[in-house]
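S.K.: coordinates only, sequence not included:
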């Protein structure tokens, strides 16, 4: 068995994207030209998540948009002068953008693109769970609906979750965490805080297998293992770096290793290869005992974002994101709490450096 056939390298991983196969090179370029013109016509800017297809990330960069994690997508939209934000990602990202930018029109290529973490955390059931544990501070991951955010005390992203929970623990507060049990378990183990976990998981990250990664390490002994903390504990435990999307990208760029086994959505490979073109990125395997698919390393809902529906939404104005005003005001409170905390943390760090 050769190294090339055993793993999926970055140069090959886009082959599973249906639109890339269905559209010819000429059609793709025609759609890109049309979208660029429509963005200008609609005074719109495209913000794309790291997990969307390479062609959408490339298009966002070419048109002065943004490629980032969900929080930076919304923050970028807030600072950009465009009156319309086009969010290529999943629905909670569009909602977050609308919560932070109520005066702007927020469009998505499709409102059908959702998230297993969002689906698995029903607002009514979650609210009842919170009521049962009213002595706990409610911390929810960004991958949740506006209604769930509105019930929370804090909203966090994976990049700031440890800092927030550590801060709360120092204040003597007990935490109720939702929805991702693996990320929550990682936060609990790392901080030592009293954390009660909601039982949710990401269908992409849950499929990564520690044994498969260790087997792959025999073929790539010098490869560093990069893992998103939404992965099972057994996978996190063998990682060289555990972090958010932006933290994993930074590690890939700065580490001396020439090869990386990456346990997160394969859409991240576009940015990794862009910043480290001379390095090799290998998709962490999901096949093996207990796996339900050969390779689950790409979110099926992220894959619903494409050139065709992006062009259509810009043309028609359909697929607009709305958030009830009363709900938006409640959800804004924990989001602002996180943003203020993040800003203070950055300021403190810059002061120490200075």
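M.R.: That came in fine, so what should we check first? Note that the structure is predicted; figures quoted are calculated from it, not measured. Residues are numbered from 1 along each chain as shown.

S.K.: Identify the spatial nearest neighbour of residue 112, chain neighbours not counted.
M.R.: residue 304 (6.3 Å; C-beta to C-beta, 6 or more residues apart in numbering). C-beta coordinates here come from the backbone N, C-alpha and C atoms, glycine included.

S.K.: wait, what's in contact with that neighbour?
M.R.: Contact analysis of residue 304 by C-beta atoms under 8 Å, 6 or more residues apart in numbering lists 109, 110, 112, 113.

S.K.: what's the answer for residue 324, then?
M.R.: With C-beta under 8 Å, 6+ apart, residue 324 has these contacts: residue 146.

S.K.: what's the distance between it and residue 88?
M.R.: Distance of residue 324 to residue 88, computed by C-beta to C-beta, to the nearest Å: 24 Å.

S.K.: Residue 97 too?
M.R.: 11 Å.

S.K.: cool, residue 319 as well?
M.R.: Counting by C-beta to C-beta, the gap from residue 319 to residue 88 is 11 Å.

S.K.: can you tell me the average pLDDT over the longest helix along the chain?
M.R.: Counting residues, the longest helix found in the chain (DSSP state H) is helix 325-353. Regarding helix 325-353, the rounded mean pLDDT is 86.

S.K.: Walking through this structure, point out its strands one by one.
M.R.: Taking DSSP state E as the test, the strands found in the chain are 44-49, 66-68, 84-88, 105-107, 137-141, 154-156, 175-178, 195-197, 224-227, 241-242, 259-263, 280-283.

S.K.: Now do the fourth one: which elements does it pack against?
M.R.: Pointing back at strand 105-107 there. strand 84-88, helix 91-100 (3 or more C-beta pairs under 8 Å, 6 or more residues apart in numbering; DSSP states H and E).

S.K.: how is the chain carved up into domains?
M.R.: Following automatic domain parsing, one finds the domains of the chain at 23-114+302-322, 117-202, 205-283.

S.K.: for those domains, which one sits closest to residue 333?
M.R.: Evaluated with C-beta to C-beta, the domains of the chain place domain 117-202 nearest to residue 333, the distance being 8.2 Å.

S.K.: Work out the gap between that closest one and the centre of the chain.
M.R.: 17 Å (C-alpha atoms, centre = their mean, to the nearest Å).

S.K.: and if you look at stretch 32-41?
M.R.: 26 Å.

S.K.: List phi and psi for the most centrally placed residue in the chain.
M.R.: Using C-alpha atoms, centre = their mean, the residue of the chain that lies closest to the mean C-alpha position is residue 69, 5.3 Å off. The phi/psi pair for residue 69 (degrees, to the nearest 10) reads phi -80, psi 180.

S.K.: Report the spatially nearest residue to it, omitting neighbours in sequence.
M.R.: Closest to residue 69 by C-beta to C-beta, 6+ apart is residue 245, at 5.0 Å.

S.K.: That neighbour is in contact with residue 229, isn't it?
M.R.: No: using C-beta atoms under 8 Å, residue 245 is not in contact with residue 229, being 10.9 Å away.

S.K.: Enumerate every residue touching residue 191.
M.R.: 162, 165, 166, 169.

S.K.: before we move on, back to that, burial count for the residue nearest to residue 69?
M.R.: 23 (other C-beta atoms under 10 Å).

S.K.: Which pLDDT value does the model give the nearest residue to residue 250 once chain neighbours are set aside?
M.R.: The shortest distance from residue 250 to any non-neighbouring residue, by C-beta to C-beta, 6+ apart, is to residue 243 (7.9 Å). Residue 243 is assigned 96 on the pLDDT scale.

S.K.: count of residues packed around residue 243?
M.R.: With other C-beta under 10 Å as criterion, residue 243 counts 19.

S.K.: go on, residue 327?
M.R.: 17.

S.K.: next one: residue 112
M.R.: 12.

S.K.: got it, and the one 10 residues further on?
M.R.: Residue neighbour count, defined by other C-beta under 10 Å, stands at 15 for residue 122.

S.K.: gap between it and residue 86?
M.R.: 28 Å.

S.K.: circling back to that earlier point, what sits in contact with each of residue 319 and residue 88?
M.R.: With C-beta under 8 Å, 6+ apart as the test, residue 319 and residue 88 both reach 108, 109.

S.K.: If you count surrounding residues, which of these two has more?
M.R.: residue 88 (31 against 21).

S.K.: contacting residues around stretch 330-340?
M.R.: 71, 75, 96, 99-100, 140, 146-147, 149-157, 160, 164, 323.

S.K.: Identify the residues contacting the nearest residue to residue 247 once chain neighbours are set aside.
M.R.: Nearest residue to residue 247 in three dimensions, chain neighbours excluded: residue 159, at 6.0 Å (C-beta to C-beta, 6+ apart). With contacts defined as C-beta under 8 Å, 6+ apart, the neighbours of residue 159 are 69, 71, 243, 244, 246, 247.

S.K.: thinking again about what came up before, shared neighbours, residue 245 and residue 229?
M.R.: Common neighbours of residue 245 and residue 229 (C-beta under 8 Å, 6+ apart) are residue 158.

S.K.: re earlier: and for residue 97 and residue 88, which residues touch both?
M.R.: What both residue 97 and residue 88 touch, as defined by C-beta under 8 Å, 6+ apart, is the set residue 47.

S.K.: where does the stretch 201-350 of the chain dip in pLDDT?
M.R.: For the stretch 201-350 of the chain, the stretches with pLDDT under 70 are 287-296, 350.

S.K.: and if we set it to 90?
M.R.: 285-298, 342-350 (pLDDT under 90).
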